[in-house]
Each structure stands twice: as structure tokens, then as C-alpha cells.
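Visitor: Show me how the following folds:
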Amino acid sequence: MQVVLVELMNWYAVYTLPRAEKKAHAELVRKGINAYLPLLRSLKQWSDRKKWVEEPLFRSYVFVNIPDNLYFEVLNTPGVVRYVTFEGKAVPIPAVQIEAVRFFLSSEDLQPENMEQYIPGKSVEVIKGPLKGLYGELVQYAGRQKVKVEISTVGQSILVTIPLGHLKVV
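Guide: Here you go, the predicted model:
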């Protein structure tokens with residue numbers, strides 16, 4: 001009988017130095033660490049020109065997917081300050097929340113359907129699609145219904161448009 005050991009990988013959020021997210025991410029990747037830096041593309045205007053730039057969705061945060069033995073390797077990376085912790089321990093982030101961020105950044109806004117039965121402020125569950133199983137709060141934003149998905153361990157929120165047919169009021 002052969003025993004196979006499987007290393008569990010967890011997602012964690014790490015704080016970076018201010019405006020050092022891209023450098024910290026590049027250094028983590030260079031070390032062979034699975035790191036994720038969600039970037040938003042936005043148009044910036046200066047007095048003489050406009051330019052498309054990619055900015056971090058969450059300022060001063062990079063996400064890493066690591067086994068326990070790489071915990072200190074991440075901390076020894078230039079630009080990384082510390083893990084996001086609760087009661088002194090690094091807080092694992094559920095993979096479904098990382099996937100929700102990836103989906104948010106890769107999808108275009110979808111038009112909601114059947115709006116009259118949904119009231120802003122209601123808690124909802126996603127029952128269809130790639131975000132199935134996530135919970136959020138229905139909010140009104142720019143005249144359209146959206147679901148606010150909160151990444152609770154980071155204390156940040158993102159707005160994702162989801163068809164109301166994919167939601168169930170909780």
C-alpha cells in the first residue's frame with residue numbers, strides 16, 4: 001500500500017507597499033509562486049494626453065495560492081508587507097471568491113430580467129452560472145440592478161451585473 005501526500009493549496013491576500021502591487025506580483029511569479037493581481041483597464045487623462053492604463057482592482061493587495069510550506073517565502077518577497085490576518089493568523093480566501101473576481105473582470109455587463117420582484121437591499125443567492133453559490137446584496141447602481149459581491153476577508157466590495165433569472169432572494 002502506497003501513501004500519497006497531497007499538499008493543500010489555499011488562497012491568501014497579502015498587503016503590499018503602496019503602489020507596489022505590480023512589482024510584488026512580478027517578483028512572486030518570478031519565484032514560481034501562483035499569484036493573482038486583478039487589474040482594471042481605465043482611461044486616464046493628463047493635461048496633454050489620454051492613455052489606457054491597468055490599475056489594481058484592490059489597492060495594496062495581491063492574492064497568492066500556496067501550500068503551507070511557502071508561507072514565509074511569500075513574506076520574503078520584495079514589496080510584500082504581510083498577510084491579511086484575523087487574530088494573528090493568515091485568513092484563507094475561498095476559491096469561489098477569487099473566481100468571482102476573475103469572472104467580474106472577464107465578463108461584460110449582462111442586462112437584468114424580471115426586475116419588479118427584486119428590491120434593493122435584499123440578500124440574494126446566485127443559483128445559475130459561474131458564480132453559483134455566492135451570496136450578495138442586491139443594489140441599485142446607475143439605474144440597473146446589480147449584485148454586490150463582498151470579498152469579506154479583504155473588506156472590499158465589487159459590483160457584478162447578474163441576470164435576475166440567475167438569482168434567488170434569500
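
Visitor: Number of residues surrounding the nearest residue to residue 128 once chain neighbours are set aside?
Guide: Take residue 128 and drop its neighbours on the chain: the residue closest to it by CB to CB, 6 or more residues apart in numbering is residue 166, 4.1 Å away. C-beta coordinates here come from the backbone N, C-alpha and C atoms, glycine included. Residues contacting residue 166 under the criterion other CB atoms under 10 Å number 19.

Visitor: Just to check, residue 166 is in contact with residue 130?
Guide: No - judged on CB atoms under 8 Å, residue 166 makes no contact with residue 130 at a distance of 9.8 Å.

Visitor: Show me the strands in the chain, by range?
Guide: 10-16, 34-36, 39-45, 50-56, 61-66, 80-83, 85-86, 89-90, 92-93, 123-126, 135-141, 144-151, 156-160, 167-169 (DSSP state E).

Visitor: rank these by mean pLDDT and give me the bottom one.
Guide: The weakest mean pLDDT among these belongs to strand 144-151, with a mean of 61.

Visitor: How about residues contacting stretch 77-88?
Guide: For stretch 77-88, contacts defined as CB atoms under 8 Å, 6 or more residues apart in numbering pick out 12-17, 20-21, 23-24, 27-28, 31, 33, 61-62, 74-75, 90-91, 153-154.

Visitor: What's the local residue count around residue 133?
Guide: Other residues within reach of residue 133, judged by other CB under 10 Å, total 10.

Visitor: thinking it is in contact with residue 97, fair?
Guide: No - using CB under 8 Å, residue 133 makes no contact with residue 97, being 10.4 Å away.

Visitor: show me the biggest helix of this structure in terms of residues.
Guide: Ranked by residue count under DSSP state H, the longest helix found in the chain is helix 95-106.

Visitor: Give the buried residues for that helix.
Guide: 97-98, 100-101, 103-104 (16 or more other CB atoms under 10 Å).

Visitor: Between strand 10-16 and that helix, find me the angle.
Guide: Following axes from the mean of the first three to the mean of the last three CA atoms, to 10 degrees, one obtains 60 degrees for the angle between helix 95-106 and strand 10-16.

Visitor: what about dumping the CA coordinates of helix 95-106 to PDB?
Guide: The C-alpha trace of helix 95-106 is given here as PDB (Å, rounded to 0.1, in the frame of the first residue of the first chain):
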ATOM      1  CA  ALA A  95     -11.500  29.900  -4.200                       C
ATOM      2  CA  VAL A  96     -15.100  30.700  -5.200                       C
ATOM      3  CA  GLN A  97     -14.400  34.400  -4.200                       C
ATOM      4  CA  ILE A  98     -11.200  34.500  -6.300                       C
ATOM      5  CA  GLU A  99     -13.200  33.000  -9.300                       C
ATOM      6  CA  ALA A 100     -15.900  35.700  -8.700                       C
ATOM      7  CA  VAL A 101     -13.300  38.400  -9.100                       C
ATOM      8  CA  ARG A 102     -11.900  36.700 -12.300                       C
ATOM      9  CA  PHE A 103     -15.500  36.400 -13.700                       C
ATOM     10  CA  PHE A 104     -16.200  40.100 -12.900                       C
ATOM     11  CA  LEU A 105     -13.100  41.200 -14.700                       C
ATOM     12  CA  SER A 106     -13.600  39.000 -17.700                       C
END
